[in-house]
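Colleague: Pasting a predicted model and its sequence here:
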Amino acid sequence: MSFANQAAYFRTEELEINREERTGKYRYKVFGLHIMSDIQLPELLIDTEGGDSSWVNISLGKTPTSISEPVEKTESYQIAANQFLFQVPGVGCYYVTKGNSITVQPAEHAEECFVRLFLLGTALGALLMQRSSFPIHGSAVVINGGCVVFTGVSGVGKSTLLAAFREQGYSFLTDDVAAVILDADGVPWVQPAYPQQKLWRDSADTLGVNTVSLVPVYSGVNKDKFTIPVHKRFWQSPMPLVAVYELEVGQSQNVTINSFSGLDKLSVLINHTYRPWLIDGLGLKVAHFKQCAAIGKRVTVSRLTRPEGVFSLEEQVHLVKQDLGRMCAGAYNI
């Protein structure tokens with residue numbers, strides 16, 4: 001489907017009621033932000049409350065071909081303080097500025113699902129950084145009053161583990177980007193994203209998710225990835241971050257958990273920042289380091305290692321719950 005036809009395709013009663021009559025824009029909420037958008041974004045929750053000064057404007061329009069005095073410049077992107085311009089061939093150009101504006105110029109005949117994919121991914125991630133929010137590349141589940149984030153490299157099983165917790169009745173805040181904000185007391189809070197999961201085909205098959213009618217957002221050799229709407233058990237309020245687990249695949253036959261301390265905790269947070277290559281160009285290196293250090297002081301950070309090629313979801317869930325209970329006995333009920 002072309003981007004030009006997306007409005008007609010998604011024009012449902014539910015989506016039309018959130019359109020502001022005065023501006024013609026659609027209202028959404030994500031990561032604690034109030035969005036006014038020219039583009040219908042069916043992945044996001046409709047904003048029925050409005051907000052104060054935290055509005056973010058997403059507009060369709062012509063993006064600049066360059067930015068003045070970029071700190072970093074490549075064929076696909078340019079970065080400077082409070083500016084980020086990037087292009088995805090066959091999809092479009094995105095211009096993100098000052099933490100409150102994203103201009104989208106779709107490519108001719110671009111598929112609107114892919115235009116939205118990069119808008120809600122890299123573009124929104126850059127905007128969060130401009131707003132001093134710390135984005136962790138990971139999935140976030142709510143366990144009895146606290147938020148736990150699973151992070152790691154792509155394909156390691158973050159979304160699959162999140163789905164396993166959902167199957168046991170736990171709610172989730174986000175599947176791909178965990179936006180962390182430090183409050184006045186230095187407590188890290190994770191903001192809710194939107195009710196959607198991204199699953200590789202093998203994970204979807206393992207969890208019994210039917211992908212026949214779904215269009216993959218990524219296709220590789222025998223490996224497709226799908227976005228799946230998941231409104232059941234989506235948590236819509238910020239939650240305090242209590243633990244981060246870095247997932248990895250190892251050679252052992254059993255699932256293991258090992259906790260980090262000191263600089264090792266800091267390293268995990270720095271290495272698994274969402275789109276870390278944006279940090280230097282946006283002039284946020286020092287601020288980012290301070291954020292990671294502040295978060296590391298408040299949360300537990302551990303590595304969860306699972307055996308390769310072995311179905312171990314039940315064991316992973318059990319060990320995470322057991323680990324949280326042991327670490328936080330008396331202060332954090334599991």
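Modeller: All right, it came through fine.
Colleague: make it CA atoms for all contacts and neighbour counts henceforth
Modeller: Will do.
Colleague: Give me the pLDDT for the one residue sitting closest to the centre of the chain.
Modeller: Centrality entry for the chain: nearest residue to the mean C-alpha point is residue 177, 1.8 Å, by C-alpha atoms, centre = their mean. Reading off the confidence values, residue 177 has pLDDT 95.
Colleague: can you pull the contacts of it?
Modeller: Residue 177 sits next to 125, 135-139, 193, 274 when contact means C-alpha atoms under 8 Å, 6 or more residues apart in numbering.
Colleague: In terms of pLDDT, where does the nearest residue to it once chain neighbours are set aside sit?
Modeller: In this structure, residue 177 finds its nearest non-sequential neighbour in residue 137, 4.9 Å apart by C-alpha to C-alpha, 6 or more residues apart in numbering. If you check residue 137, the pLDDT there is 96.
Colleague: Could you count how many residues lie near residue 126?
Modeller: Residue 126 has 29 neighbouring residues, counting by other C-alpha atoms under 10 Å.
Colleague: Phi, psi for the residue nearest to the centre of the chain please.
Modeller: phi -130, psi 120 (degrees, to the nearest 10).
Colleague: picking up where we left off before, measure how buried the residue nearest to residue 177 is and give me the count.
Modeller: The tally of other residues near residue 137 (other C-alpha under 10 Å) stands at 26.
Colleague: Quick check: it is in a helix.
Modeller: No. Judged by DSSP: H, G, I helix; E, B strand; the rest coil, residue 137 forms no part of a helix; its state is strand.
Colleague: Please tell me how far it sits from residue 169.
Modeller: Distance, residue 137 to residue 169, by C-alpha to C-alpha, to the nearest Å: 23 Å.
Colleague: cool, residue 276 as well?
Modeller: According to C-alpha to C-alpha, residue 276 and residue 169 sit 33 Å apart.
Colleague: Enumerate every residue touching residue 156.
Modeller: 247-249.
Colleague: Nearest residue to residue 169 in space, please, no chain neighbours.
Modeller: Closest residue to residue 169 apart from its sequence neighbours, by C-alpha to C-alpha, 6+ apart: residue 233 at 7.5 Å.
Colleague: The one you found contacts residue 170, correct?
Modeller: Yes. Applying C-alpha atoms under 8 Å as the test, residue 233 and residue 170 come out as touching, 6.9 Å apart.
Colleague: Give the pairing partners of the strand ranked longest in the chain; include direction for each.
Modeller: As assigned by DSSP state E, the longest strand anywhere in the chain is strand 239-250. Strand pairing for strand 239-250, using DSSP bridges, gives strand 146-151 (parallel), strand 188-191 (antiparallel), strand 300-307 (parallel).
Colleague: Of all the ones you listed, which one comes closest to residue 327?
Modeller: Across the strands paired with strand 239-250, residue 327 has its closest neighbour in strand 300-307 (8.5 Å, C-alpha to C-alpha).
Colleague: contact partners of that closest one?
Modeller: So strand 300-307 is in contact with 242-261, 265, 268, 312, 316, going by C-alpha under 8 Å, 6+ apart.
Colleague: again, 7 Å this time
Modeller: With contacts defined as C-alpha atoms under 7 Å, 6 or more residues apart in numbering, strand 300-307 is touched by 242-260, 265.
Colleague: So among these, which ones count as buried?
Modeller: Buried residues within the contacts of strand 300-307, counting neighbours by 16 or more other C-alpha atoms under 10 Å: 242-248, 255-257, 260, 265.
Colleague: Can I get those in CSV including distance to residue 321 and pLDDT?
Modeller: Below are the buried ones among the contacts of strand 300-307 laid out as CSV (distance: C-alpha to C-alpha, whole Å; pLDDT from 0 to 100):
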residue, distance to residue 321, pLDDT
242, 13, 96
243, 11, 96
244, 13, 98
245, 12, 98
246, 15, 98
247, 15, 97
248, 18, 95
255, 13, 95
256, 13, 95
257, 11, 95
260, 17, 96
265, 20, 96
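Colleague: Which one of the residues you listed is nearest to residue 288?
Modeller: residue 265 (14.3 Å).
Colleague: Checking the closest one next. Helix, strand or coil?
Modeller: Counting by three-state DSSP, the backbone at residue 265 sits in helix.
Colleague: Is it correct that it is in contact with residue 296?
Modeller: Yes. Under the criterion of C-alpha atoms under 7 Å, residue 265 makes contact with residue 296 at 6.1 Å.
Colleague: mind listing the helices for the stretch 51-200 of the chain?
Modeller: In the stretch 51-200 of the chain, the segments counted as helices under DSSP state H, counting those that start in this stretch are 112-118, 124-130, 158-167.
Colleague: if you compare those, which one is most tucked away?
Modeller: Among these, ranked by average contacts under mean count of other C-alpha atoms under 10 Å, first place goes to helix 124-130 (a mean of 23).
Colleague: Now do that one: which elements does it pack against?
Modeller: For helix 124-130, there is no helix or strand it packs on, judged by 3 or more C-alpha pairs under 7 Å, 6 or more residues apart in numbering; DSSP states H and E.
Colleague: Need the residues that contact it.
Modeller: 82, 96, 98-99, 135.
Colleague: how distant is it from the center of its chain?
Modeller: Taking the mean of its C-alpha atoms, helix 124-130 sits 11 Å from the chain's own mean (C-alpha atoms, centre = their mean, to the nearest Å).
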